[in-house]
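> Generate coordinates for the sequence data below:
(chains A and B)
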Protein chains: 2
Amino acid sequence: MTYTNPARALQRMLIRVEYDGTGLVGWQRQDNGPSVQAILEQAAEKLTTQPTPVQGSGRTDAGVHATGQAAHLDVPTQLTATDVMRGLNALLETHQVSVVSAQPVAAAFNARFDAVQRSYLYRILTRPAPSALRRNAVWHHRAKLDATAMHEAAQTLIGRFDFSSFRAAGCQADSPIRTMDYLSVLQADDEIHITARARSFLYHQIRNITGSLVQVGIGKWDVSAFTRVRDAKDRAEAGPTAPPQGLYLTHIDYELD
Amino acid sequence: MTYTNPARALQRMLIRVEYDGTGLVGWQRQDNGPSVQAILEQAAEKLTTQPTPVQGSGRTDAGVHATGQAAHLDVPTQLTATDVMRGLNALLETHQVSVVSAQPVAAAFNARFDAVQRSYLYRILTRPAPSALRRNAVWHHRAKLDATAMHEAAQTLIGRFDFSSFRAAGCQADSPIRTMDYLSVLQADDEIHITARARSFLYHQIRNITGSLVQVGIGKWDVSAFTRVRDAKDRAEAGPTAPPQGLYLTHIDYELD
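I've put the predicted structure just below:
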């Protein structure tokens, strides 16, 4: 027979997290600077008065932003979802991270392993002058880009492929095979928006695809040249890695009851 | 007979300036911190190799942003408008300020006195959670606001009025009479956008109007109560001053040839 201290009964919560990645070392706790995970865990420990791991859906790199990162943590059952959202926001040591929402989930829920789709946005500013207000929010490209050609090239990446050409050297995934569910390129005022959705991505996959799509956007590659890059399965054949500050993790989908 | 050194012949340029007002003391040069004007003048002196005053269309307060502040400066005639835009951007000591465009204007042009209309945007974020990415870009209001009622109240300010109820104590204008050309309140996703246009504004006029419109948006005042506030010509009757970080100077109109 087990005795459960009601004061210690825990409820797992799924939180949706927004952050400005500027100056942070990324999602994951590291020794060399402030991480989103450490900032959230510090607030969570204050809220729950006990060490409280916060497990994200996955890592994001230094400088990368999120409007909809997802994570789970366990909190005393006395705390409602609204309490968790408000409490964490009140206790966060920096307003560079915010908790957009919280919702109760089953005790077995796992923010990383239960994710069925990950959505990202990459923003490229295309105008002669840099933008003061968006200096850490976009990749600045001085000339216009051909969004229509970029979109056409992007469609050749939809489906199941060996993405070795767009995989960073440090990638720890077992396989370079991934299935891209959605990839679009749209002109939005003075920005190009690249939207990507897949169950999972390789390390730097979206930033490497973006760097290669820009080669199409400037007219250096046509769609068949882009397809040859994809089929080369060789990182050296593809374009440069786009910088982190244009990338946003926008949403994680789960199959919740 | 006067001798003009051709190397010293000057061309007046109108520049459009964007800035993130966070941490700056405002437009105007001051002793207590970095100003947009001082940052631009430092870059302009490097570009022209001589002291170069930069005269803005008007001041903005600490923390207030701009996407379209206007200013004029005199540069050697060898420099094209594109040279000025690129040169200043390359020489600016901070990417918190950027020069969006430059164009040659007559030697008698004055960015302040020739302005025929000034346009501002005020952004209010209305959602329960604060926004990490927009923390210095909006005024955060946790509850929804009634944009329709706010817009209806705003229409009662269009035209020529004594705006004493919305005038800050430190205002140095000779008269509290101003003509509001345009004032609208719109819901834009999770933000309320207040757009205001007039030849000139009183000190804190838009932030004070915004604070009062929020009283309408939360249902505390109806349109007739708002009109009574306007007609009281008494700052004490109006709402609080909205914070600076939601305000953007978006455009200055000139009658250029």
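
> ok, stretch A:81-98 near chain B or not?
Yes. Stretch A:81-98 comes into contact with chain B (Cβ under 8 Å from any Cβ of the partner chain), by way of A:82, A:85-86, A:89, A:95-98. Just so you know, the C-beta spots here come from the backbone N, C-alpha and C atoms, and that holds for glycine as well.

> Check those for burial and list the buried ones.
Neighbour-count burial (16 or more other Cβ atoms under 10 Å in any protein chain shown) applied to those gives A:85-86, A:89, A:96-98.

> Give me the subset of those residues lying in helices.
A:85-86, A:89 (DSSP state H).

> and the stretch 1-150 of chain A, which residues reach chain B?
So the stretch 1-150 of chain A meets chain B at A:18-20, A:65, A:67, A:82, A:85-86, A:89, A:95-101, A:127-133, A:135, A:137 (Cβ under 8 Å from any Cβ).

> ok so, going back, quick one: which of the buried ones among the residues of stretch A:81-98 next to chain B is nearest B:Phe113?
B:Phe113 lies nearest to A:Gln96 out of these, by Cβ to Cβ, at 41.4 Å.

> what phi and what psi does the backbone show at the closest residue to the closest one other than its chain neighbours?
Nearest non-adjacent residue to A:Gln96, counting by Cβ to Cβ, 6 or more residues apart in numbering or on different chains: A:Asp20, 4.8 Å away. Backbone dihedrals for A:Asp20, given as degrees, to the nearest 10, come out at phi -90, psi 110.

> Return the residues in contact with A:Asp20.
A:65, A:96-97, A:136, B:132-133, B:135 (Cβ atoms under 8 Å, 6 or more residues apart in numbering or on different chains).

> before we move on, back to that, make CSV out of the residues of stretch A:81-98 next to chain B and add distance to A:Pro240.
CSV is the format used below for those (distance: Cβ to Cβ, whole Å):
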residue, distance to A:Pro240
A:Thr82, 45
A:Met85, 39
A:Arg86, 43
A:Asn89, 37
A:His95, 33
A:Gln96, 28
A:Val97, 29
A:Ser98, 32
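
> These: which two are farthest apart?
Longest span within those, Cβ to Cβ: A:Thr82 and A:Gln96, 22.4 Å.

> In chain A, mark out all the helices, start to finish.
A:36-48, A:81-91, A:147-154, A:205-217, A:223-232.

> Looking at the buried ones among the residues of stretch A:81-98 next to chain B, which one is closest to A:Asp222?
A:Gln96 (41.3 Å).

> Quick check: phi and psi at that closest one.
phi -70, psi -10.

> next one: A:Gln28
Residue torsions, per degrees, to the nearest 10, at A:Gln28 are phi -80, psi 140.

> Look up how far B:Gln78 lies from it.
Separation of A:Gln28 from B:Gln78 (Cβ to Cβ, to the nearest Å): 52 Å.

> Tell me which of the two has more neighbours.
Between A:Gln28 and B:Gln78, A:Gln28 has the larger neighbour count (other Cβ atoms under 10 Å in any protein chain shown), namely 14 against 10.

> so that one sits right up against A:Asp61, yeah?
No. In this structure, A:Gln28 is not within contact of A:Asp61 by Cβ atoms under 8 Å, at 9.5 Å.

> For chain A, just list every one of the strands.
Using DSSP state E, the strands of chain A run over residues A:10-19, A:55-56, A:65-76, A:97-105, A:117-126, A:139-141, A:159-162, A:177-188, A:191-198, A:247-253.

> which secondary structure elements does the third one contact?
On a contact count with 3 or more Cβ pairs under 8 Å, 6 or more residues apart in numbering or on different chains; DSSP states H and E, strand A:65-76 meets strand A:10-19, helix A:36-48, strand A:55-56, strand A:97-105, strand A:247-253.

> The last one too?
For strand A:247-253, the helices and strands in contact under the criterion 3+ Cβ pairs under 8 Å, 6+ apart are strand A:65-76, strand A:117-126.

> same deal with the fourth one?
Packed against strand A:97-105 by the contact rule (3+ Cβ pairs under 8 Å, 6+ apart) you find strand A:10-19, helix A:36-48, strand A:65-76, helix A:81-91.

> Pull the distance from that strand to the chain's centre.
16 Å (Cα atoms, centre = their mean, to the nearest Å).

> Any buried residues in that strand, and which?
A:97-102, A:105.

> Mind listing the strands it pairs with, and their directions?
strand A:10-19 (antiparallel) (DSSP bridges).

> Pull out the buried positions in the partner strand.
A:11-19.

> Can you add distance to A:Thr227 and pLDDT and give the contacts of A:Asp20 back as TSV?
Putting these into TSV (distance: Cβ to Cβ, whole Å; pLDDT from 0 to 100) gives the following:
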residue	distance to A:Thr227	pLDDT
A:His65	31	98
A:Gln96	40	97
A:Val97	40	98
A:Asn136	34	97
B:Ala132	38	98
B:Leu133	35	98
B:Arg135	42	97
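
> Now the buried members of those residues.
By 16+ other Cβ under 10 Å, those give A:65, A:96-97, A:136, B:132-133, B:135 as buried.

> So for the residues of stretch A:81-98 next to chain B, which is the shakiest by pLDDT?
Among the residues of stretch A:81-98 next to chain B, A:His95 carries the lowest pLDDT, at 93.

> Skip the chain neighbours and tell me the closest residue to that residue.
A:His95 sits nearest to B:Arg135 (Cβ to Cβ, 6+ apart), 4.5 Å away.

> where's A:Val64 relative to A:Thr22, distance?
10 Å.

> same thing with A:Ile39?
13 Å.

> more crowded one of those two?
A direct count of neighbours by other Cβ under 10 Å for A:Ile39 and A:Thr22 places A:Ile39 higher, at 21 against 16.
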